[in-house]
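S.K.: Show me the folded form of this:
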Amino acid sequence: MTHISATPKKNLVLVSGRAHPALAEAVAEELGTELVPADAKTFANGEIYARYGDSVRGSDVFVIQAHSDPINEWVMEQLIMVDALKRASAKRITVVAPFYPYARQDKKGRGREPISARLMADLFKAAGADRIMSVDLHAAQIQGFFDGPVDHLFAMPVLLKHFQEKLDPETLTVVSPDMGRVRVADIWSDKLGAPLAIIHKRRDPAVHNDVSVHEIVGEVEGRVCLLVDDMIDTGRTIVKAAEALKNSGATGVIVAATHAVFSDPASTVLQSDFIDEVVVTDTLPLPAAKHWDRLTVLPIAPLLARAIREVFEDGSVTSMFDGAA
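M.R.: Numbers count the residues shown, from 1 in each chain. Have a look, this model is predicted:
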């Protein structure tokens, strides 16, 4: 009787959408590999097409895509790329979406609203994704929207290293821009050995991107304030928070955020006199026109590469964050 035996051989494949190729190339370089070529194009009528230049049969594939403007096109492209991989017999498909699309629509605030973050998870699943990897989800509950493993990465170690080298905890106060960020800001406060303050703000649910800042809970007078948030969109909210801090006697305000969405006119608004520095990561592409001298962009590729390696080698992603993940 003849037996057919196969030696199991794992093959890691990285592919990238067209939204942020520089990030994907940086991840590939960190992993010591190359991106598998993908022929992605948009037809005259707006339809998207994708085909891979090499075989991906039996491979562990990671599909990297940034979800910047035009976000709907990049979501659709990633879905089509996943579908192509499924039909090309990839063994496991991981959607790498550093900035999770539609993350702010994670619950129903009013009647007759969608939960679009859940819809995104359903679409990725339907396309053929086995796993999702993302950085600093707007709400941790989004992990429960996907019926499969979700690797929730934290940019905090990347940002923390930057601030530990340049800020004095003796004169520093970590500030949460709203009640929803208190838990994260509390961890920052603990890691930096600095006290915590909270800005209580009220948002009109009917008016998007508009906030009225109210009282500050905590000591900020005569201190450098580090405002920590997951994303900056138009920048108006964070500038109002910075203004409130300066008006309360803060000597400096530094803003730290993972995702630089920077919808217009953010790059202009953030150059406000109330903000001394803005520090973000490159989870989203940021054209040169949106840079200014008080903006620092830190690379997220080393974090993504390490997480991809842990997943590929069946290691522990949680261990990357001292069990905080």
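S.K.: Compute the first-to-last residue distance for stretch 49-57.
M.R.: Start-to-end span of stretch 49-57 (Cα to Cα, to the nearest Å) is 20 Å.
S.K.: For that stretch, list every residue counted as buried.
M.R.: 50, 52, 56 (16 or more other Cβ atoms under 10 Å). Any C-beta I mention is one placed from the backbone N, CA and C, and that applies to glycine too.
S.K.: Just the ones of these in strands?
M.R.: Those of these mapping onto strands are 50, 52, per DSSP state E.
S.K.: Need the buried residues of stretch 49-57 in JSON lines (columns: pLDDT and distance to residue 93).
M.R.: Below are the buried residues of stretch 49-57 laid out as JSON lines (pLDDT from 0 to 100; distance: Cβ to Cβ, whole Å):
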{"residue": "50", "pLDDT": "98", "distance to residue 93": "13"}
{"residue": "52", "pLDDT": "97", "distance to residue 93": "12"}
{"residue": "56", "pLDDT": "97", "distance to residue 93": "9"}
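S.K.: Could you give the average pLDDT over the helix or strand that contains residue 77?
M.R.: Secondary-structure assignment from DSSP states H and E places residue 77 in helix 71-87. Mean pLDDT, helix 71-87: 98.
S.K.: Can you name the secondary structure element that comes next after that helix?
M.R.: strand 92-96.
S.K.: Alpha carbons of that next one, in CSV - could you do that?
M.R.: Extracted in CSV, the C-alpha atoms of strand 92-96 (Å, rounded to 0.1, in the frame of the first residue of the first chain):
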residue,chain,number,x,y,z
ARG,A,92,-5.4,31.6,5.4
ILE,A,93,-6.2,35.3,4.7
THR,A,94,-5.6,38.1,7.2
VAL,A,95,-7.0,41.5,6.5
VAL,A,96,-4.4,44.1,7.8
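S.K.: Contacts made by it with the rest, please.
M.R.: 60-65, 78, 82, 85-86, 124, 128-134, 304, 308, 311 (Cβ atoms under 8 Å, 6 or more residues apart in numbering).
S.K.: sorry, back to before: turn the buried residues of stretch 49-57 into CSV, columns for distance to residue 198.
M.R.: Output for those, formatted as CSV (distance: Cβ to Cβ, whole Å):
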residue, distance to residue 198
50, 45
52, 48
56, 48
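S.K.: quick check, nearest of the buried residues of stretch 49-57 to residue 266?
M.R.: Of all those, residue 266 sits closest to residue 50, with 30.6 Å by Cβ to Cβ.
S.K.: got the contact list for the closest one?
M.R.: 38, 39, 40, 77, 80, 81, 84.
S.K.: switch to 10 Å and redo it
M.R.: Going by Cβ atoms under 10 Å, 6 or more residues apart in numbering, residue 50 touches 15, 17-18, 38-41, 63, 77-85.
S.K.: Check the residues you listed for burial and list the buried ones.
M.R.: 15, 17-18, 38, 40, 63, 77-85.
S.K.: okay but residue 272 is in contact with residue 292, surely?
M.R.: No: Residue 272 is beyond contact range of residue 292, at 11.1 Å (criterion: Cβ atoms under 10 Å).
S.K.: so the most centrally placed residue in the chain is in which element?
M.R.: Of all residues in the chain, the one closest to the mean position by Cα atoms, centre = their mean is residue 99, 3.4 Å from it. Using DSSP H and E, residue 99 sits within no helix or strand.
S.K.: give the contact list for it.
M.R.: With Cβ under 10 Å, 6+ apart, residue 99 has these contacts: 19-20, 65-68, 71, 134-138, 230-231, 258-261, 281, 283-284, 300.
S.K.: what inclination does the helix holding residue 77 have with respect to strand 92-96?
M.R.: Counting by axes from the mean of the first three to the mean of the last three Cα atoms, to 10 degrees, helix 71-87 lies at 170 degrees to strand 92-96.
S.K.: Let me know the next secondary structure element after the lowest-mean-pLDDT helix or strand in the chain.
M.R.: Sorting the helices and strands of the chain by mean pLDDT, DSSP states H and E puts strand 211-217 at the bottom, at a mean of 74. Next in sequence after strand 211-217, counting helices and strands by DSSP H and E, comes strand 224-232.
S.K.: wait, isn't residue 152 in contact with residue 131?
M.R.: No: Residue 152 lies out of contact with residue 131 (Cβ under 10 Å); the separation is 11.8 Å.
S.K.: I'm done for today, thanks for sticking with me.
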